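Enquirer: Turn this into a structure:
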Amino acid sequence: MKMNKKLLYFKTYISTQMLTLCHFSTHYFLYPATMNKTLHYYFETQQLSITLQTKKAKQALNIRKFLPLYINKETILFPLNTKRSAIQYYINAMAITGLKSLQHGTVIYFENNTYIEVTIPYTFVYKKWQESISLSHHSL
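Expert: You can find the predicted model right below:
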């Protein structure tokens, strides 16, 4: 049986260096760069331009902030924080299997019994998840 390695999320890793946690369904690793550089690198490995994908998402969804970024049919990343935030998350909407509301945040469930707890309101996470799914129905 072949194990499918799917990107689940990127998260800024708190340390003395600038690191980004890249969590996949089968493993994770720390990439020695900022979130922005990590995203640019990931888009380059997929032979895409983050600038062009941002422009397409703005046109398709008619929104300006917290834009989901389409990579392929299995990977659509959406941010949970502003770009200036110390801790940033980019979640793969297509890997989410469920959400759970907490008193002070949200639990996001992924495949392989993986989850992440964030201090972002459930309604915001749910809205961004739905926008990302709707982006998958546009032809980008």
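Enquirer: and S101, what is it in contact with?
Expert: Taking C-beta atoms under 8 Å, 6 or more residues apart in numbering, we find S101 in contact with Y122. Heads up, the C-betas are built off the backbone N, CA and C, glycines and all.
Enquirer: so it sits in a helix?
Expert: No: the assignment for S101 is strand, going by DSSP: H, G, I helix; E, B strand; the rest coil, so no helix is present there.
Enquirer: Quick check, I63 in contact with S132.
Expert: No: shown here, I63 and S132 do not form a contact pair, counting by C-beta atoms under 8 Å, at 11.3 Å.
Enquirer: Look at these two and report which has more neighbours.
Expert: Per other C-beta atoms under 10 Å, whichever of I63 and S132 has more neighbours is S132, with 23 against 12.
Enquirer: ok, and the closest non-adjacent residue to that one?
Expert: A93 (3.3 Å; C-beta to C-beta, 6 or more residues apart in numbering).
Enquirer: who are the neighbours of the worst-scoring helix or strand of the chain on mean pLDDT, in terms of helices and strands?
Expert: In the chain, no helix or strand scores lower on mean pLDDT, DSSP states H and E than helix 50-61, which sits at a mean of 91. Using 3 or more C-beta pairs under 8 Å, 6 or more residues apart in numbering; DSSP states H and E as the contact criterion, the secondary-structure elements in contact with helix 50-61 are helix 35-45, strand 69-72, helix 122-136.
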